[in-house]
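**Student:** Build me a structure from this.
(2 chains)
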Amino acid sequence: MRRSMVSRAFLISLVAGVGWVLLWAWLTRAGGPVPKLFFPSPEEVFDRFLKMWTRPYLGSTLLGHISSSLSIVLAGWVLAGIVGVPLGIAMAWWRKLKWIAFPVFQLIRPVPPLAWIPLTLVWMGIGDAARITVVFIAALVPWMMNSMQSVYSVDKLLIDAGRTLGANDRQILSRVVCRTALPTLVAGARIALGNAWTTLIAAELLAATAGLGYVALNASRMLDTDVLLVAMLLIGILGALLSIMMQLATRFLAPWSIRQSRGQ
Amino acid sequence: MTQTWVVEPAHWSAKTQATLYGAASLLGLLFLWIAATSIFGWIDPRVLPSPFEIALRFADLLVDPFGGATLLGHVLGSLKRWGLGVVTAAILGVPVGVLFAWAPLFRAVVNPVFEILRYIPPFAWVPIAILWFGASTMTQAMVVFIAAFPAIVINSQLGVQQVEKILLDAARVYGAGSLRTLRRVVMPVAAPTIYTGIRIAVSNGWMALVGAELIVGKNGLGFLISQGQNNDSVSTIFVGIISIGILGLLIDTIVQRSEKILLPWRGRLDQAGGI
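**Tutor:** Numbers count the residues shown, from 1 in each chain, chains lettered A, B, ... in the order given. Prediction:
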């Protein structure tokens, strides 16, 4: 009963999706009520999308801009993980370290990561380093907070119980500690990646020589609305893909966490 | 557990110790900063100005206009645009969320558009907003709206879905009309979740506003920062960053506090074991 309702809603959504695109095409048709300068038609966007793979726009093809954006996001995200995870675990382990380091983070946290962009620009100039730094700042806090939380989530009683039942250190680590800690850690990684992507787009709008945000802003200045829409849609699609990838990673790394949340 | 230390007598609670360590750490950092800039001059003031310089610049900006307005003018400009975006998002978002929960057909029809737009980060809307509205208040308000709207819709939907059907049936049996049911049965249950959505929206909107003002605008705190960057005035950038952080914190605190005043029954419900 419930299942058929869900699939019915999906079907309606599918039909409605097609309907929305048709409405878009009808509104933006040649001689229609919405001029191209305001909003391009779907076929113009699609045409431009196909052309941009082969014909360079602002110095590189679409693939070049996409790989520029993705490589900076991944660099900042991975660096934040390399720093954030050990720091978070250490802060949970030694409470004095937490007492010392946590107030500094509390002080910095209310400032949106993108407010740092002008500062990094003054310090490092327009380049990959400035953007990687901003992405790093955006991704560091979720990495760190969730690593800290994941240590707290391990129940000492369970470790003792495992030990009493004759588990060795390796078994305790893999069967007890990782089981409880991994879901929180992976969730941190997912939030960090989402933040990183959002912040990178802002950074590219402000200072970049390649990347999807850079393409979007320049397209807006040159009134290339079709290019602008291609860039916006790609930003959305890539963000969604990154999020789906992290969900798959959760399923692969910590499948029990999904079963748990479904059971609740 | 029983060991006593000279520096931290056992009768000090962990909380006191944490505060002391935190204060020492922050003061140490401040001292290091002063030492590196004012005392030893290891760092070029054009790269990192001393705290005193930033304080002076702060006082300066309060009186002398920079980038077309004093600091207060920029703050008010930012708050105006932020308020416009967030209030519009709340006025439109709550009814849409209620409709999402109550009218599955409406939800199914609108969902494809909503989901696609939700995945596009608010800043990615800045270029198209510039194209539509130019460098005006509307551009920034639109970006704030886009950042705030989804959180309000989703949480309103969740909140309304929490209302148990039996309560609605009971209200109907006792002869309450739909408006009365909405006001007396649905809203008390849904309001805390909706409020959570508004709280998220408020801080998302603030963040988006700063980004939008950095990219385009004629005043506001983000604009102040970008002017500081253009004039190579790092101390102005710092004043902007600090003001944004303080205001963001202040807004969140006000929203959090006013929840207790606006929704006094929430705490009671939580104590009673949740909804």
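
**Student:** where do the helices sit along the stretch 51-200 of chain A?
**Tutor:** With DSSP state H, counting those that start in this stretch, the ranges of helices along the stretch 51-200 of chain A come out as A:62-93, A:95-108, A:117-124, A:128-153, A:156-164, A:169-171, A:178-206.

**Student:** Quick check: pLDDT value at B:Gly41.
**Tutor:** With respect to pLDDT, B:Gly41 scores 78.

**Student:** Output the set of residues of the stretch 51-200 of chain A in proximity to chain B.
**Tutor:** A:95-96, A:98-104, A:107-108, A:110-112, A:114-119, A:121-123, A:197-198 (CB under 8 Å from any CB of the partner chain). Yep, even glycine has a C-beta here, placed from its N, CA and C like the rest.

**Student:** One more pass at 10 Å, please.
**Tutor:** A:95-104, A:106-123, A:194-195, A:197-200 (CB under 10 Å from any CB of the partner chain).

**Student:** Can you turn the buried part of these into a ChimeraX selection?
**Tutor:** Only the buried entries of those go into this ChimeraX selection, using 16 or more other CB atoms under 10 Å in any protein chain shown:
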select /A:98,99,100,101,102,103,110,111,112,113,114,115,116,117,118,119,120,121,122,194,195,197,198,199,200
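
**Student:** what residues are up against the spatially most central residue of chain A?
**Tutor:** Closest residue to the average C-alpha location of chain A: A:Gly194 at 2.2 Å, with CA atoms, centre = their mean. For A:Gly194, the contacting residues are A:Trp77, A:Ala138, A:Ala139, A:Pro142, A:Gly239, A:Leu242, A:Ser243, A:Met246, B:Tyr119, B:Pro121, by CB atoms under 10 Å, 6 or more residues apart in numbering or on different chains.

**Student:** pretty sure the second one is touching A:Thr199, no?
**Tutor:** Yes - A:Ala138 lies in contact with A:Thr199 (CB atoms under 10 Å); the separation is 3.8 Å.

**Student:** Now the common contact residues for those two.
**Tutor:** Shared contacts of A:Ala138 and A:Thr199 (CB under 10 Å, 6+ apart): A:Val73, A:Gly76, A:Pro112, A:Pro113, A:Leu114, A:Trp116.

**Student:** Between all of those residues, which two are separated the most?
**Tutor:** Greatest spatial distance among these (CB to CB): A:Val73 and A:Pro112, at 17.3 Å.

**Student:** Low-confidence ranges, the stretch 1-150 of chain A, go.
**Tutor:** Counting by pLDDT under 70, the ranges of the stretch 1-150 of chain A that qualify are A:1-6.

**Student:** run the last query once more with 80
**Tutor:** Residue ranges of the stretch 1-150 of chain A with pLDDT under 80: A:1-6, A:31-32.

**Student:** domain ranges for the chain?
**Tutor:** By default, I'm working from chain A. Using automatic domain parsing, the domains assigned to chain A come out as A:1-34, A:40-263.

**Student:** meant chain B actually
**Tutor:** Taken from automatic domain parsing, chain B resolves into B:17-48, B:58-271.

**Student:** for chain A, what are the nearby residues on the stretch 51-200 of chain B?
**Tutor:** By the rule CB under 10 Å from any CB, the part of the stretch 51-200 of chain B lying against chain A is B:104-113, B:115-132, B:147.

**Student:** ok, now with 6 Å
**Tutor:** B:108-109, B:111-113, B:119-121, B:123-124, B:127-128, B:130-131 (CB under 6 Å from any CB of the partner chain).

**Student:** Okay, and which of those map to strands?
**Tutor:** The strands, defined by DSSP state E, take in nothing from these.

**Student:** Just put the residues you listed in CSV and tack on pLDDT and neighbour count.
**Tutor:** CSV is the format used below for those (pLDDT from 0 to 100; neighbours: other CB atoms under 10 Å in any protein chain shown):
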residue, pLDDT, neighbour count
B:Ala108, 88, 19
B:Val109, 89, 19
B:Asn111, 86, 19
B:Pro112, 86, 19
B:Val113, 87, 15
B:Tyr119, 87, 20
B:Ile120, 90, 21
B:Pro121, 89, 25
B:Phe123, 88, 30
B:Ala124, 90, 28
B:Pro127, 90, 25
B:Ile128, 91, 22
B:Ile130, 89, 21
B:Leu131, 88, 19
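
**Student:** which of those sit farthest apart?
**Tutor:** Once CB to CB is applied, those give B:Ala108 and B:Ile130 as the farthest pair, at 33.5 Å.

**Student:** circling back to that earlier point, distance to B:Arg46 for the residues of the stretch 51-200 of chain B next to chain A - can I get that in JSON lines?
**Tutor:** Below are those laid out as JSON lines (distance: CB to CB, whole Å):
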{"residue": "B:Ala108", "distance to B:Arg46": "58"}
{"residue": "B:Val109", "distance to B:Arg46": "57"}
{"residue": "B:Asn111", "distance to B:Arg46": "52"}
{"residue": "B:Pro112", "distance to B:Arg46": "51"}
{"residue": "B:Val113", "distance to B:Arg46": "48"}
{"residue": "B:Tyr119", "distance to B:Arg46": "41"}
{"residue": "B:Ile120", "distance to B:Arg46": "38"}
{"residue": "B:Pro121", "distance to B:Arg46": "33"}
{"residue": "B:Phe123", "distance to B:Arg46": "29"}
{"residue": "B:Ala124", "distance to B:Arg46": "33"}
{"residue": "B:Pro127", "distance to B:Arg46": "32"}
{"residue": "B:Ile128", "distance to B:Arg46": "36"}
{"residue": "B:Ile130", "distance to B:Arg46": "31"}
{"residue": "B:Leu131", "distance to B:Arg46": "36"}
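
**Student:** still on that earlier bit, let's have the helices of the stretch 51-200 of chain A in JSON lines, adding distance to A:Trp256.
**Tutor:** Formatted as JSON lines, the helices of the stretch 51-200 of chain A follow (distance: least, CB to CB, whole Å):
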{"stretch": "helix A:62-93", "distance to A:Trp256": "20"}
{"stretch": "helix A:95-108", "distance to A:Trp256": "28"}
{"stretch": "helix A:117-124", "distance to A:Trp256": "40"}
{"stretch": "helix A:128-153", "distance to A:Trp256": "13"}
{"stretch": "helix A:156-164", "distance to A:Trp256": "14"}
{"stretch": "helix A:169-171", "distance to A:Trp256": "16"}
{"stretch": "helix A:178-206", "distance to A:Trp256": "7"}
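
**Student:** Show me the one of those that comes nearest B:Ile254.
**Tutor:** Closest among these, using CB to CB: helix A:95-108, at 18.3 Å.

**Student:** Tell me how many other residues crowd residue 230.
**Tutor:** Looking at chain A here, since you left the chain open. Residues lying near A:Val230 (other CB atoms under 10 Å in any protein chain shown) number 27.

**Student:** should've been chain B
**Tutor:** Neighbourhood size, B:Asn230 [other CB under 10 Å]: 12.

**Student:** Look up how far A:Val104 lies from B:Trp27.
**Tutor:** Just so we're on the same page, residue B:27 is Leu rather than Trp. 12 Å (CB to CB, to the nearest Å).

**Student:** My error: substitute B:Gly240 in the last question.
**Tutor:** The value you get for B:Gly240 to A:Val104, if CB to CB is used, is 20 Å.

**Student:** What are the boundaries of the strands in the stretch 101-250 of chain B?
**Tutor:** Applying DSSP state E, counting those that start in this stretch to the stretch 101-250 of chain B gives no strands.

**Student:** Please settle this for me: is B:Trp12 part of a helix?
**Tutor:** No - checked against DSSP: H, G, I helix; E, B strand; the rest coil, B:Trp12 lies outside a helix; its state is coil.

**Student:** Counting neighbours, what do you get for it?
**Tutor:** Around B:Trp12 there are 13 other residues, counting by other CB under 10 Å.

**Student:** Spatially, which residue comes closest to it, not counting chain neighbours?
**Tutor:** B:Leu20 (8.0 Å; CB to CB, 6 or more residues apart in numbering or on different chains).

**Student:** go on, B:Thr193?
**Tutor:** In space, B:Thr193 is closest to B:Gly159, 3.2 Å off (CB to CB, 6+ apart).
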